[in-house]
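Novice: The following comprises the amino acid sequence and a computationally predicted model.
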Amino acid sequence: MGFAATATVVSDESESLILVNANDEPTGFASKGECHDGDGILHRAFSLFLFNDSGQLLLQQRSEHKRLWPLFWSNSCCSHPRRGESIEIATERRLQQELGMGGQFQFLYKFEYQARYGELGSEHELCSVFVGRSTDPVQANATEIAAWRYVGASELDAEMADRPDRFTPWFKMEWQRLKLEYSDQLRQLGCEI
């Protein structure tokens, strides 16, 4: 397991996110804080699943300072495009900001989900899911990530079955769908599912 190497603030509650309808058509803008208040406001987001040359998935443990799901384990990188930013550029930006990495990745699907985190707020996102590979070393940012590790698919499945409460809700949904509907793409990345 690795721990954060840097500590740079790259996100805050005031950044302007893109509101969308169920067809991913922009409907306006709101602050990240507003998007996550109460039941949440539907906004554009992304999730990236990054694999190494051994076919292991890079997991991150969210910083203890995160408003929603602090210290939960999640997929490699997830965030939001900002006003005027494409989903692809946002994915590249956040991968560099959170993990100090670049990589090759491809879009697979998008889905809408809503999940509440007690009284602290909700995620209500139209999330684009990407998979990819990187050989870059991890240089995690402590303001975003508490710890990180690579894990094989069977080990991850066993851990999720044993301790599902340790993982973010979107990650669990996305991982199951990737295994069911995109197994060929995972195998191309060396992931043995």
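Specialist: Structure's in. What do you need?
Novice: Can you give me every residue that contacts the residue most central in space within the chain?
Specialist: With distances taken as CA atoms, centre = their mean, residue 78 lies nearest the centre of the chain, 2.3 Å away. Each residue near residue 78 by CB atoms under 8 Å, 6 or more residues apart in numbering is listed here: 45-48, 94, 127, 170-171. C-betas here are computed from N, CA, C, even on glycine.
Novice: change it to 6 Å
Specialist: Applying CB atoms under 6 Å, 6 or more residues apart in numbering, we find residue 78 in contact with residue 47.
Novice: Please apply the same query to residue 126.
Specialist: With contact set as CB under 6 Å, 6+ apart, residue 126 has these partners: 20, 24, 44, 112.
Novice: Look up how far residue 145 lies from the first one.
Specialist: When you say that, I think you mean residue 20. To residue 145, residue 20 is 27 Å away according to CB to CB, to the nearest Å.
Novice: So between those two, which is more surrounded?
Specialist: Neighbour tally, residue 20 and residue 145, criterion other CB atoms under 10 Å: the higher count belongs to residue 145, 23 against 19.
Novice: Distance check, the more buried one against residue 102.
Specialist: According to CB to CB, residue 145 and residue 102 sit 17 Å apart.
Novice: remind me which residues of this structure are low pLDDT?
Specialist: Residues of the chain meeting the criterion pLDDT under 70: 1-12.
Novice: Please enumerate the helices of it.
Specialist: Under the criterion DSSP state H, helices of the chain are mapped to 32-36, 87-99, 153-162, 169-181, 183-188.
Novice: Residue 121 is nearest to which of these?
Specialist: Set against residue 121 and scored by CB to CB, the helices of the chain come closest in helix 32-36, at 4.2 Å.
Novice: got the contact list for that closest one?
Specialist: Taking CB under 6 Å, 6+ apart as the rule, helix 32-36 contacts 13, 15, 17, 41, 43, 121.
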